[in-house]
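1. Got a predicted structure plus its sequence, pasted below:
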Amino acid sequence: MSIAHPTTVLEPRSMSDFVETEYVKDVAARAMGYINAGFPVHLRGISGTGKTTLAIHIAAKLGRPLILIHGDEEFSTSNLIGSENGYSISKVRDNFIHSVLKTEENMSKQWVDNRLTVACKYGFTLIYDEFTRSRPEANNVLLSVLQERMLDIPTTGNGDSNYVKVHPDFTAIFTSNPEEYAGVHRSQDALRDRMVTLDLDYFDEETEVGIVHSRSGVSYEDSKKIVGIVRGLRDSEVFEFAPTIRGCQMIAKTARVLGASVDKNDSAFRQICVDILSSETTRIGSRATKEKVTKELFKLIDHHCNGKAKGKPKAKGNGRR
Ligand SMILES: Nc1ncnc2c1ncn2[C@@H]1O[C@H](COP(=O)(O)OP(=O)(O)OP(=O)(O)O)[C@@H](O)[C@H]1O
């Protein structure tokens with residue numbers, strides 16, 4: 001299909017090392033159900049709960065070309081729908097009488113579709129990642145797209161507009177972080193009301209171990225130990241920011257690359273855990289928290305990496321099991 005616009009259209013593909021446990025299958029199936037019933041889906045959750053990865057996985061299942069937008073404070077409506085920002089120049093050369101050369105140039109502004117318009121016109125899947133980072137007024141244009149399935153495109157500077165009917169295959173998947181996050185705007189009630197929001201929590205243990213194992217190349221047993229340490233820290237609540245699956249993956253990859261053993265007696269491994277997890281869970285300069293995190297981590301490393309720790313660590317706090 002040839003389309004005259006500068007938008008990058010992707011072919012959605014699930015990652016080759018995508019982990020599909022019962023937990024992941026369940027969320028994906030619920031999301032697909034709402035999409036099949038004609039509703040946009042909104043995956044909401046704290047950082048590292050797999051929202052973007054899951055959105056791409058769902059887009060791959062839908063099998064339509066994908067357009068990706070990342071929410072941005074600086075966005076205006078034109079960043080979504082397009083604007084008159086090009087010039088079309090037409091030249092007329094009239095040398096009917098060979099001794100006389102007459103040229104005429106015409107310059108006119110040209111409308112260039114942006115990503116939302118392209119997705120609506122051609123029925124693509126739109127992932128609007130972290131959409132609440134854009135200001136609510138920039139997102140207003142989505143209201144009629146989601147409700148009336150009409151996109152309002154202003155065509156002239158004097159306020160005239162042109163409605164585009166949204167293609168029946170158009171699907172929108174949104175992701176967002178909680179409103180307390182820095183740089184996140186409160187989502188408009190009217191917009192939230194037009195989508196089905198699925199709240200994602202931390203992955204269950206099986207999924208976290210599967211992700212670490214599949215994405216780091218570390219053995220399943222060692223992945224389980226690393227996940228045990230991170231989940232234990234999450235449950236302890238001594239941190240400012242809860243550690244996520246990203247921390248697990250960083251520890252596993254670094255330990256593998258540096259040849260450190262996932263063992264309580266390996267000082268390099270202990271240091272990797274402290275560096276990565278204290279950086280992920282504390283603010284710069286928050287020394288007291290860093291000390292508490294380090295103390296807790298040493299206990300957890302001793303427990304999980306002594307060759308004896310088996311099964312699930314004891315649940316204390318709000319970590320998902
Ligand atoms: N099902 C999965 N299989 C394999 N890896 C996964 C899966 N889900 C998430 N991940 C990995 O976990 C990490 C976090 O996932 P992702 O970036 O999707 O989270 P997020 O909720 O969108 O985070 P943020 O809000 O910070 O953008 C990434 O490294 C991602 O590749």
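-> Received it, and whenever you're ready, just let me know what you need.
2. Buried residues, stretch 252-260. List them.
-> 252, 253, 254, 255, 260 (16 or more other C-beta atoms under 10 Å). For every residue, glycine as well, the C-beta is placed using N, CA and C.
3. ok, residues contacting the host helix or strand of the fourth one?
-> Spelled out, it's residue 255. Assessed by DSSP states H and E, residue 255 sits inside helix 245-258. Under the criterion C-beta atoms under 8 Å, 6 or more residues apart in numbering, residues 47-48, 50, 202-203, 208, 211-212, 215-218, 222-223, 226-227, 229-230, 260-262, 268-269, 272-273, 276-277, 280-281 lie in contact with helix 245-258.
4. Around the ligand, which positions in the stretch 201-321 of the chain sit nearby?
-> 211, 215, 245, 246, 249 (C-beta under 6 Å from any ligand atom).
5. Now do the end-to-end distance for stretch 198-209.
-> Across stretch 198-209, the terminal residues are separated by 23 Å (C-alpha to C-alpha, to the nearest Å).
6. Phi first, then psi, for the closest residue in space to residue 206 that isn't next to it in sequence.
-> Leaving aside its chain neighbours, residue 206 sits nearest to residue 21 (5.2 Å; criterion: C-beta to C-beta, 6 or more residues apart in numbering). Main-chain torsions, residue 21, degrees, to the nearest 10: phi -90, psi -180.
7. Residue 21 is in contact with residue 210, isn't it?
-> Yes: using C-beta atoms under 8 Å, residue 21 is in contact with residue 210, at 5.7 Å.
8. neighbour count winner among those two?
-> residue 210 (22 against 16; other C-beta atoms under 10 Å).
9. Checking my notes, that one in a strand, right?
-> No: Residue 210 is assigned helix when assessed by DSSP: H, G, I helix; E, B strand; the rest coil, not a strand.
10. check contacts around the residue nearest to it when sequence neighbours are not counted.
-> Leaving aside its sequence neighbours, residue 210 sits nearest to residue 19 (C-beta to C-beta, 6+ apart; 4.1 Å). When contacts are counted by C-beta under 8 Å, 6+ apart, residue 19 touches 207, 210, 211, 214.
11. again, but for residue 238
-> Neighbouring residues of residue 238 by C-beta under 8 Å, 6+ apart: 289, 292, 293, 296.
12. if you set the cut-off to 6 Å instead, what comes out?
-> Residue 238 is in contact with 292, 293, 296, counting by C-beta atoms under 6 Å, 6 or more residues apart in numbering.
13. ok, and the closest non-adjacent residue to residue 30?
-> Leaving out its chain neighbours, the residue that sits closest to residue 30 by C-beta to C-beta, 6+ apart is residue 198, at 6.3 Å.
14. Can you classify the one you found as helix, strand or coil?
-> Following three-state DSSP, residue 198 is assigned to strand.
15. Please work out how many residues are found near it.
-> 17.
16. any idea how far residue 136 is from it?
-> In this view, residue 198 and residue 136 are 21 Å apart by C-beta to C-beta, to the nearest Å.
17. Residue 14: neighbour count?
-> 16.
18. how about it, phi and psi?
-> phi -70, psi 150.
19. Does it touch residue 59 like I think?
-> No: counting by C-beta atoms under 6 Å, residue 14 sits too far from residue 59 to count as a contact (8.9 Å).
20. So for whichever helix or strand residue 153 is part of, what gets flagged as buried?
-> Taking DSSP H and E as the definition, residue 153 sits inside strand 150-154. Within strand 150-154, the residues scored as buried using 16+ other C-beta under 10 Å are 151, 152, 153, 154.
21. which among the contacts of residue 238 gets closest to residue 145?
-> residue 293 (44.7 Å; C-beta to C-beta).
22. Which residue, other than its chain neighbours, is closest to that closest one?
-> What sits nearest to residue 293 in space, not counting adjacent residues and going by C-beta to C-beta, 6+ apart, is residue 278, at 4.9 Å.
23. and the host helix or strand of that neighbour, how far from the chain's centre?
-> Assessed by DSSP H and E, residue 278 sits inside helix 267-281. Offset of helix 267-281 from its chain centre (C-alpha atoms, centre = their mean, to the nearest Å): 26 Å.
24. what distance separates the start and the end of stretch 14-30?
-> By C-alpha to C-alpha, the extent of stretch 14-30 from end to end equals 18 Å.
25. Same check on stretch 241-250?
-> In stretch 241-250, first residue to last residue: 16 Å (C-alpha to C-alpha).
26. does residue 69 have beta-bridge partners, and which?
-> Counting by DSSP bridges, residue 69 forms beta bridges with residue 128.
27. Isn't it up against residue 115?
-> Yes: using C-beta under 6 Å, residue 69 is in contact with residue 115, at 5.3 Å.
28. residue contacts, residue 83?
-> No contacts exist for residue 83 under C-beta under 6 Å, 6+ apart.
29. how about 8 Å then?
-> Residues in contact with residue 83 (C-beta under 8 Å, 6+ apart) are 111, 112, 114.
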